[in-house]
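>>> sequence plus predicted model, see below.
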Amino acid sequence: MRQRSRPLTAPPLLEARNISLTRDGRTILDTVSLSIGRGEIVTLIGPNGAGKTSLVKLCLGLVKPTDGTVTRAPGLKIGYMPQRLAVDVTLPMPVSRFLSLWSRARRADMQVVLAEVGAAHAIDRAIQTLSGGELQRVLLARALLRQPDLLVLDEPVQAVDVHGQIELFELIGSIRNRRGCGVLLVSHDLHLVMARTDTVICLNRHVCCHGKPEDVSRHPEYVALFGRHADALAIYHHSHDHSHADDGCVVPAGHEHTAHSEHQGCGHDHHHLHGHDQAHGGHRHG
Ligand SMILES: Nc1ncnc2c1ncn2[C@@H]1O[C@H](COP(=O)(O)OP(=O)(O)OP(=O)(O)O)[C@@H](O)[C@H]1O
């Protein structure tokens, strides 16, 4: 299921370079870079408030960065599955009607994408009556209606039990394989996406670490953030040269007592680029 590396010459579908985002004087993202190629699955992982959704919105062009650039391939078609979509339970709406709200898709097109996500049976069901897993599949189908080059999926498995989550990640992997599209995925849980992702970017306002999932899962910063879920503490020596203050600012080693923060474990090292050319995060300080 793991995707081959993109040839060095292939241009990325989307590239964000040195993105920073500030709101109300707060640093939400600090010098973040990423790139997604055709056929590549890139997963953003990070704790609550790490800036994952903000980064997704920057990639989509819904939000403008304070600094840095986002470049999209000419004519790029993006299928977006947002983190939240309020469905009014007082207004029963068939799935077919729901799918037509954002596109002029014909019923036959809807049937094709619903079949692709294993929800063909749901086309005439009221959307309010769908299970969590069925609703996520319908939202995925909606994103596929545009025949996207790039799928952007913000926590696509929320409100789904673990078995259903595994099925959904399998489905996303098979959609990528079949269509050859790029996928930018936001997830809270690296273990479930591990086998189905090419590149992981661990975000905590800045890129803490990135690379292949097995490397990230052993990375001390990942372990510091997700310790109780991280099952493999690798033998991997890493120098924590700084940590973070509450506002996300970098505090050099030895000054941590002034920087006690909930995200304190996310000190980072700028030298772990894992030799992976496809998603280059990481920021540098002079
Ligand atoms: N428009 C805004 N104005 C002010 N602060 C904002 C704005 N958008 C996001 N934030 C703040 O930026 C931080 C990052 O939010 P974001 O939703 O990007 O994080 P996240 O990693 O997706 O979190 P979660 O996992 O909880 O969904 C949060 O502290 C949030 O309150």
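Arrived safely, thanks for sending.
>>> near the ligand, which residues of the protein?
Within the chain, the positions near the ligand by Cβ under 6 Å from any ligand atom are R23, D24, I28, G46, N48, G49, A50, G51, K52, T53, S54. For the C-beta atoms, the positions are set from N, CA and C on the backbone; glycine is no exception.
>>> can you flag the buried ones in these?
Listed as buried from these are I28, G46, A50, G51, K52, T53, S54; burial here means 16 or more other Cβ atoms under 10 Å.
>>> how far away is the third one from R84?
Using Cβ to Cβ, to the nearest Å, A50 is found at 17 Å from R84.
>>> before we move on, what about the last one?
Plainly put, S54 is 14 Å away from R84 if you go by Cβ to Cβ.
>>> likewise for the fifth one?
K52 sits 13 Å away from R84 when distances are taken as Cβ to Cβ.
>>> again with the fourth one
Counting by Cβ to Cβ, the separation of G51 from R84 is 17 Å.
>>> E155 contacts V186, doesn't it?
Yes - the pair E155 and V186 qualifies as a contact (Cβ atoms under 8 Å) at a distance of 5.2 Å.
>>> quick one, which of these two is more surrounded?
Neighbours per residue, other Cβ atoms under 10 Å: of E155 and V186, the larger number sits with V186, 23 against 20.
>>> helix, strand, or coil at the more buried one?
Following DSSP: H, G, I helix; E, B strand; the rest coil, V186 is assigned to strand.
>>> in this structure it contacts K57, no?
No - in terms of Cβ under 8 Å, V186 does not count as a neighbour of K57; the distance is 11.0 Å.
>>> pLDDT at the closest residue to T197 other than its chain neighbours, what is it?
Leaving aside its chain neighbours, T197 sits nearest to T43 (4.3 Å; criterion: Cβ to Cβ, 6 or more residues apart in numbering). Per-residue pLDDT puts T43 at 95.
>>> counting contacts, what elements does whichever strand or helix holds T43 pack onto?
Assigned by DSSP states H and E, T43 falls within strand 41-45. Applying 3 or more Cβ pairs under 8 Å, 6 or more residues apart in numbering; DSSP states H and E, one finds that strand 41-45 contacts strand 26-36, helix 52-60, helix 162-179, strand 182-187, helix 190-193, strand 199-204.
>>> hey, least reliable of these by pLDDT?
helix 190-193 has the lowest average pLDDT among these, namely a mean of 79.
>>> hmm, who's touching that one?
Residues outside helix 190-193 that contact it (Cβ atoms under 8 Å, 6 or more residues apart in numbering) are 43, 45, 157, 162, 165-166, 169, 185, 187, 200, 213, 216-217, 222, 226, 229, 231.
>>> could you redo the last one with a cut-off of 10 Å?
Contacts to helix 190-193, defined as Cβ atoms under 10 Å, 6 or more residues apart in numbering, come from residues 41, 43, 45, 156-157, 162, 165-166, 168-169, 172-173, 185-187, 197, 200, 202, 213-214, 216-217, 222, 226, 229-231.
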